[in-house]
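Colleague: give me a 3D structure for the following:
(chains A and B)
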Amino acid sequence: MHKLFSLIFLNVLIVFLTACNQNVTHNSPAGNTASNSTAKKRIGVTLLTREDDFYRELETGLKENAAKNNFELLIQSGDKDLSKQQSQIDNFIVQKVDAIIVCPTDTKGIAPAIERANAANIPVFTADIAAGGGKIVSHVASDNVAGGRLAAEYIAKAIGGSGKVGIIGQPEVQSVIDRETGFKETMAKYPQITVIPTLNGGGVRDRALKAADDLLQGNPDLKAIFCINDETALGALSSAETRGMKDLIIVGYDAAPEAVEKIKKGTNLKADVAQQPRDIGAKTIEAVATHLRGGAVEPIVNVPVKIVDAESAK
Amino acid sequence: MQKISGYIIVLAIVLESIVFAFYAPAFLSLDNLVNVALSIAVIGILAVGMTLVILTGGIDLSIGSVAALAGVIAAITALKFGVFAGFAAAFAVGIFSGAFNGAVVAYFKVPPFIVTLALLTIARGLAFILSEGRSVGNLPENFSSLGKSSIFGIPFSVLLMLASFAAGWFVLQRTTFGRYIYAVGGNREAAFLAGVKVKSVTLWVYILNGFFVGLAAVVLASRLGAGVPNSGLQYELDVIAAVIVGGTSLTGGRGSVVSTLFGAIFIGVLNNGLNLAGVDPYTQKIVLGVVILLAVLADQYKKHAI
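Modeller: Next up, the predicted model:
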């Protein structure tokens, strides 16, 4: 009985898969026989996720600029799952796309898949998060080091250039480490400011809340906290509000809607470093277009960041 | 025997406290005591339910995800129907999930590890879908008042945790149902032959656990002031660690909620002390793992020595 079921299931699966395959070939207008100059270029995109505002904006930027360049985008989400993303890249290779854009789920782990695309002579671009191996034509991302510097300048000014400052970070993630590096670099220029050792908030609100509790417990005289993303900042904000620390300054990163709301309301969260994900998407497509036309592109394209505070949020 | 395992974990807590008192001056203060208690409130509440489940020889890996889902649903409900309805919804989600786990484990004989692992990913996925991948914030003011308020300087969350431990202790030590839980975990066959309704006891233990997950979700969401879909990540591991470090046996039948409370305190003090002492986050992970291993090894050694 069991065997019969598995057989039927297998059959259905095979029929389904073949149908899918046919779909793909039918839908691809670029058909391998068509000449490359007139056909729409097909670009395979595998995003880190579709589950946050940042990536939704980035996707919008990609789509807008792709339409202008007459590109067809095949967009997939890696859902923060490395093996899923690897097989998406392998599928793009089979589909013979003209270029691949990857927002890696794992900096190191994605390298072998990129090498396979290299071997198939498909140019690979990364957006937002860098890859740790393989040949990348161009990496387009926010200048995270500059973002950290901006946050440091803001805090240094707000506390009058002296006092204790804390960081709630997420040392597992390269872009976050860059933010921290920029922050510390700038703070080193202020001899009166002490930056105490970084706490790990895991980039999520509940862990950041705990980290902030410990940070504020151990350093009641703390003047400011730099939080490496908004979930971290909102966790730290809960902690500061519970303790009634009215003078504490919190600076976050990403300028997500909920954080901007808190900045406007005049809470401890005073400012945010804002990335411009839509620009990241647009500039990635720009790099792809330039490369496919045979032009030269920079190996690293830095997309500027900016500070959002109560003034500029209005 | 249980008495001795209690002594060992208390001794360990005292030892680590002495070490941290040296390295972090802020460690030994009344404020920090409250801080540590607050930091283990959610894990502690979850650990009460987990202790019951593990005592029956089961496990529940879904608690962190279900707590996140319950928090998200609480926030969404609170926006539409008010805070009270929101909190009630969180309990409903917890209890329903518990009933699901319990029913599949007890009546379909699927190993708890598998069922709850499935629910772990299902609940997390639902939490992301319902919240559209972002935290559900900007809630009515009194949503977060539970998480922020305190009575005589003791945070309300901590009181709820202590009440949970008291309730868990009462169920295990003072009710027939509690004795059945030990019986089911100690020797399933014998319990069955002695007339214990093994299936029904198992189902109710998971439902009870679901109730505690609901409570933990309310406390967590209220402290965060939002329903956060990526909250509660890997809480199941922290909670299982607290239960096991406390001395409850993973194979069931042996342990208590009191030892779980000490286990939770032990891990809470460790995390807090390492943070206060300014130990870098990479090293913290290693220390945490090694200390948990040592605690369990000590427990094993003692068991065989006696």
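
Colleague: find the nearest non-adjacent residue to residue A:201, please.
Modeller: Spatial nearest neighbour of residue A:201, excluding adjacent residues (C-beta to C-beta, 6 or more residues apart in numbering or on different chains): residue A:208 at 3.3 Å. In short, each C-beta sits where N, CA and C put it, glycine included.

Colleague: most centrally placed residue in the chain?
Modeller: If you meant another chain, say so; for now it's chain A. residue A:128 (4.5 Å; C-alpha atoms, centre = their mean).

Colleague: can you look at chain B instead?
Modeller: Against the mean C-alpha coordinate of chain B, by C-alpha atoms, centre = their mean, the closest residue is residue B:46 at 2.1 Å.

Colleague: just to be sure, that residue is in a helix?
Modeller: Yes - the assignment for residue B:46 is a helix, going by DSSP: H, G, I helix; E, B strand; the rest coil.

Colleague: that one touches residue B:235, doesn't it?
Modeller: Yes - Residue B:46 is in contact with residue B:235 according to C-beta atoms under 8 Å; the separation is 6.3 Å.

Colleague: what sits in contact with each of these two?
Modeller: Taking C-beta atoms under 8 Å, 6 or more residues apart in numbering or on different chains as the criterion, residue B:46 and residue B:235 both touch B:63, B:67.

Colleague: get me the contact residues on chain A for chain B.
Modeller: A:49-53, A:169, A:171, A:196-200, A:202, A:204-207, A:209-211, A:213-215, A:217-219, A:231, A:234-235, A:238, A:241-242, A:256-258, A:261 (C-beta under 8 Å from any C-beta of the partner chain).

Colleague: so what's residue A:98 closest to, chain neighbours aside?
Modeller: residue A:41 (4.4 Å).

Colleague: what's the burial count for the one you found?
Modeller: Neighbours of residue A:41 under the rule other C-beta atoms under 10 Å in any protein chain shown: 18.

Colleague: what subset of the residues of chain A next to chain B is buried?
Modeller: A:49-53, A:169, A:171, A:198-200, A:202, A:204-207, A:209-211, A:213-215, A:217-219, A:231, A:234-235, A:238, A:241-242, A:256, A:258 (16 or more other C-beta atoms under 10 Å in any protein chain shown).

Colleague: so which of the residues you listed are in helices?
Modeller: A:53, A:205-207, A:209-211, A:213-215, A:217-218, A:231, A:234-235, A:238, A:241-242, A:258 (DSSP state H).

Colleague: got the phi/psi numbers for the closest residue to residue A:261 other than its chain neighbours?
Modeller: The spatially closest residue to residue A:261, leaving aside those adjacent along the chain, is residue B:138, at 5.9 Å (C-beta to C-beta, 6+ apart). With angles defined as degrees, to the nearest 10, residue B:138 sits at phi 50, psi 50.

Colleague: does residue B:28 count as helix, strand or coil?
Modeller: Going by three-state DSSP: residue B:28 is coil.

Colleague: how close does the residue nearest to it when sequence neighbours are not counted get to residue B:290?
Modeller: Distance criterion C-beta to C-beta, 6+ apart; nearest residue to residue B:28, sequence neighbours excluded, is residue B:21 at 4.7 Å. Using C-beta to C-beta, to the nearest Å, one gets 21 Å for the distance from residue B:21 to residue B:290.

Colleague: between those two, which one's more packed in?
Modeller: Neighbours per residue, other C-beta under 10 Å: of residue B:21 and residue B:290, the larger number sits with residue B:21, 13 against 10.

Colleague: circling back to that earlier point, OK, contacts around the residue nearest to the centre of chain A?
Modeller: So residue A:128 contacts A:48, A:58, A:103, A:140-142, A:175, A:277, A:280 (C-beta under 8 Å, 6+ apart).

Colleague: separation between it and residue A:291?
Modeller: Separation of residue A:128 from residue A:291 (C-beta to C-beta): 18 Å.

Colleague: what segments of chain A are strands?
Modeller: Here chain A has its strands, by DSSP state E, at A:41-47, A:71-77, A:99-102, A:124-127, A:138-142, A:163-169, A:193-195, A:199-200, A:222-227, A:249-253, A:269-274, A:300-303, A:306-309.

Colleague: can I get those in CSV including mean pLDDT?
Modeller: Shown next, in CSV, are those (pLDDT from 0 to 100):
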stretch, mean pLDDT
strand A:41-47, 95
strand A:71-77, 94
strand A:99-102, 96
strand A:124-127, 96
strand A:138-142, 93
strand A:163-169, 96
strand A:193-195, 96
strand A:199-200, 92
strand A:222-227, 97
strand A:249-253, 96
strand A:269-274, 96
strand A:300-303, 92
strand A:306-309, 93
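
Colleague: so what touches stretch B:90-103?
Modeller: Residues outside stretch B:90-103 that contact it (C-beta under 8 Å, 6+ apart): B:60, B:62, B:66-67, B:69-71, B:73-74, B:112, B:115-116, B:119, B:123, B:202-218, B:221.

Colleague: those residues, buried ones only, as a ChimeraX selection?
Modeller: Per 16+ other C-beta under 10 Å, the buried members of these correspond to this ChimeraX selection:
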select /B:60,62,66,67,69,70,71,73,74,112,115,116,119,123,202,203,204,205,206,207,208,209,210,211,212,213,214,215,216,217,218,221
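
Colleague: now the residue in the stretch 201-314 of chain A that chain B sits nearest to: closest residue in space, sequence neighbours ignored.
Modeller: Nearest residue of the stretch 201-314 of chain A to chain B (C-beta to the nearest C-beta) works out as residue A:214 at 3.7 Å. Nearest non-adjacent residue to residue A:214, counting by C-beta to C-beta, 6+ apart: residue B:275, 3.7 Å away.

Colleague: name the residues of the helix or strand encompassing the one you found that come out as buried.
Modeller: Secondary structure assignment for residue B:275, by DSSP states H and E: helix B:257-276. Buried residues in helix B:257-276, counted by 16+ other C-beta under 10 Å: B:257-276.

Colleague: contacting residues for whatever residue of the stretch 51-200 of chain B ends up closest to chain A?
Modeller: As assessed by C-beta to the nearest C-beta, chain A sits closest to residue B:133 within the stretch 51-200 of chain B, at 3.2 Å. Going by C-beta under 8 Å, 6+ apart, residue B:133 touches A:49-52, B:229.

Colleague: can you pull the residues of the stretch 1-150 of chain B lying near chain A?
Modeller: Contact residues (C-beta under 8 Å from any C-beta) of the stretch 1-150 of chain B with chain A: B:24, B:26, B:31-32, B:35, B:38-39, B:42, B:128, B:132-135, B:137-138, B:144, B:147-148.

Colleague: what sits closest to residue B:257 if chain neighbours are left out?
Modeller: Among residues not flanking residue B:257 along the chain, residue B:168 sits closest, at 3.9 Å (C-beta to C-beta, 6+ apart).

Colleague: SS state for the one you found?
Modeller: At residue B:168 the chain is in helix, as set by three-state DSSP.

Colleague: wait, isn't it in contact with residue B:51?
Modeller: Yes - using C-beta under 8 Å, residue B:168 is in contact with residue B:51, at 6.5 Å.

Colleague: spit out the residues that contact those two alike.
Modeller: Among the neighbours of residue B:168, those also in contact with residue B:51 (C-beta under 8 Å, 6+ apart) are residue B:257.
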